[in-house]
Structures are given as structure tokens and as C-alpha cells.
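Asks: here you go, sequence then predicted model.
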Amino acid sequence: MEELPSQTTKTASPASRYESLIIAAILGVAILFRLWDLGARNLWTDEAWVALAALAPTPGEALALGRSTPPFYTLTVWGLVQVWGGSEAVLRSLSFALGVGSVVLFWPVARRLTSRTASLLGLALVAVSPVLVYFSKELKQYSGDAFFAVLVVWLAERLQEHPSYARWLILALVGPLALGFSHGAVFVLPAVLLALWLESTRSQRFQVAWLGASWGSAIIIYSLFVYRRQVDPE
């Protein structure tokens, strides 16, 4: 009789389990800090403008009342209000979700760029950062600025590790999405594009140029139809 090959089961090392527990604890603290007092604080002036836009009866009126708020942020908050009502917690729920998402995405980005110890320390600092915690509980798009900055960097890093048509396409589509949620993306996208160009091979330069054309077209469209209407000429 032939002996059957022995099957070995992979078990996580104690160090790996310990690291997972630390990451889970940090994420738990991050969520707790961002969830605490989410709906108890009164709206301040700029938040009130966004709240009025979110309470508008139609998406068009919401965009008109949103003033300098990115259009996708306004429309998403408006949609949440239509489903769950206009309480402070609901109004700030998008900022909360984007804030938590920034913390979650920070870990894989940090692990690609620095050591394990530095990544854990950075994750802890991001989790309890007073500025990031505050923005996660504010009815403004600033937590979206952080989220989409980290998201685009993470997608670019994954693309550099294993280039594929699907990953180029995803990155191309996320760029315009980021612009719709974050004004800061207009600065983040060119920086990421430059990094991709400098790290790309000759055979990849066409894809980088194609990505730049895609993002550049989106920035032009936003400039003409969004940014110009949100800037006070005075």
C-alpha cells in the first residue's frame, strides 16, 4: 500500500496571534473614540450648512445648499438622511465611517512602507490622534480627505507589487470618486501619479500616462462644474 502524504495544518505563531490582538485592540480603541459622543454635540456653523443641505427635499437642492462641500459627500449624507432620519448621529455617520476606514487602511499601507514595529506605533498614533478623531465626528468632509488619501496610496502600492489590468482600472476609477468626496484629492492624485511614474518601468509608462490622462480629465471636469461654482470671487 502506498502511504498517503501527511497533511500538516498551518497554525498561527504566538507572535502572530499577539500582533493580531494588538491590532484588534487598537482598532477597538479607535472605534470607541470616534463613536463616543457622536450624536450629542451641537452642530456648529459650517456643519449646519451641510445639515441644511442634507435635509433638502431633492438631491439638486442638496447640492445647491452644500456650498463648498464636495458633491459626493453631500449626496451620500443626503441619502443617509432619507433612510435613517436627520439626527446628529446619522448626519455624522459618514464622517465616522470614513474615519474608521482611514485607521483600517493605514495598517496595510504602513506595512508596505515601514517595519512592523513602526507600523504598530503609527497605527496607534492614528487611532488616538485628536485631529483625526475630531474630524471623524464632524459633519464635514475632512475625514474623507484622510480616507481617500490612504486608499489611493494603498491601491498604488498594490499595483506596484502586482500590476494587472484590473488594478489599473480600479485606481483609475477611484481617482474621480476621491475628487467627489475630497477637495484635497486634487493634490494627492498628482503626487501618487508622480510616484508611479518614477517607479514604473519603460513598459509601464503607457499605463501611467493613461492613468494621468484619466485623472487629469476628471480634475478638469470637476474644476469646470464643481470648483468654479464653489469659489467666491470676492
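Replies: Arrived safely.
Asks: over to the spatially most central residue of the chain. Which of the three states is it?
Replies: Nearest to the mean C-alpha position of the chain, counting by CA atoms, centre = their mean, stands residue 147 at 2.2 Å. Using DSSP: H, G, I helix; E, B strand; the rest coil, the structure places residue 147 in helix.
Asks: swap in residue 41?
Replies: Going by three-state DSSP: residue 41 is coil.
Asks: so where do the helices sit in this structure?
Replies: Secondary structure of the chain (DSSP state H): helices at 14-35, 45-54, 59-65, 71-84, 88-91, 93-113, 116-128, 130-135, 142-161, 165-181, 185-199, 205-222, 228-230.
Asks: rewinding a little: ok, the residue nearest to the centre of the chain touching residue 95?
Replies: No. Counting by CB atoms under 8 Å, residue 147 does not reach residue 95; the two are 9.6 Å apart. The C-beta positions use only the backbone N, C-alpha and C, and glycine is treated the same way.
Asks: how close does the residue nearest to the centre of the chain sit to residue 132?
Replies: 10 Å (CB to CB, to the nearest Å).
Asks: what's the overlap in contacts for those two?
Replies: Listed as contacting both residue 147 and residue 132 by CB atoms under 8 Å, 6 or more residues apart in numbering are 99, 102.
Asks: what are the phi and psi angles of residue 115?
Replies: Main-chain dihedrals, residue 115, degrees, to the nearest 10: phi -70, psi 170.
Asks: ok, and the helix or strand in this structure with the lowest average confidence?
Replies: helix 228-230 (a mean of 79; mean pLDDT, DSSP states H and E).
Asks: run through who's touching that one.
Replies: Applying CB under 8 Å, 6+ apart, the external contacts of helix 228-230 come out as 67-68.
Asks: next one: stretch 158-178
Replies: 72, 112, 148, 151-152, 155-156, 185, 188-189, 196, 199, 204, 207, 210-211, 214-215, 218, 222.
Asks: ok, the nearest residue to residue 156 once chain neighbours are set aside - contacts?
Replies: Residue nearest to residue 156 in three dimensions, not counting chain neighbours: residue 192, with 5.0 Å by CB to CB, 6 or more residues apart in numbering. Under the criterion of CB under 8 Å, 6+ apart, the neighbours of residue 192 are 152-153, 156.
Asks: make a PyMOL selection of the buried ones in those.
Replies: Command for PyMOL, covering only those of the contacts of residue 192 found buried under the criterion 16 or more other CB atoms under 10 Å:
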select buried, resi 152+153+156
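Asks: looking at the contacts of residue 192, which is nearest residue 141?
Replies: Nearest to residue 141 out of the contacts of residue 192 is residue 152 (CB to CB; 15.5 Å).
Asks: that closest one against residue 185, yeah?
Replies: Yes. Judged on CB under 8 Å, residue 152 makes contact with residue 185 at a distance of 7.4 Å.
Asks: how about stretch 52-66: buried residues?
Replies: 53-56, 62-63, 65-66.
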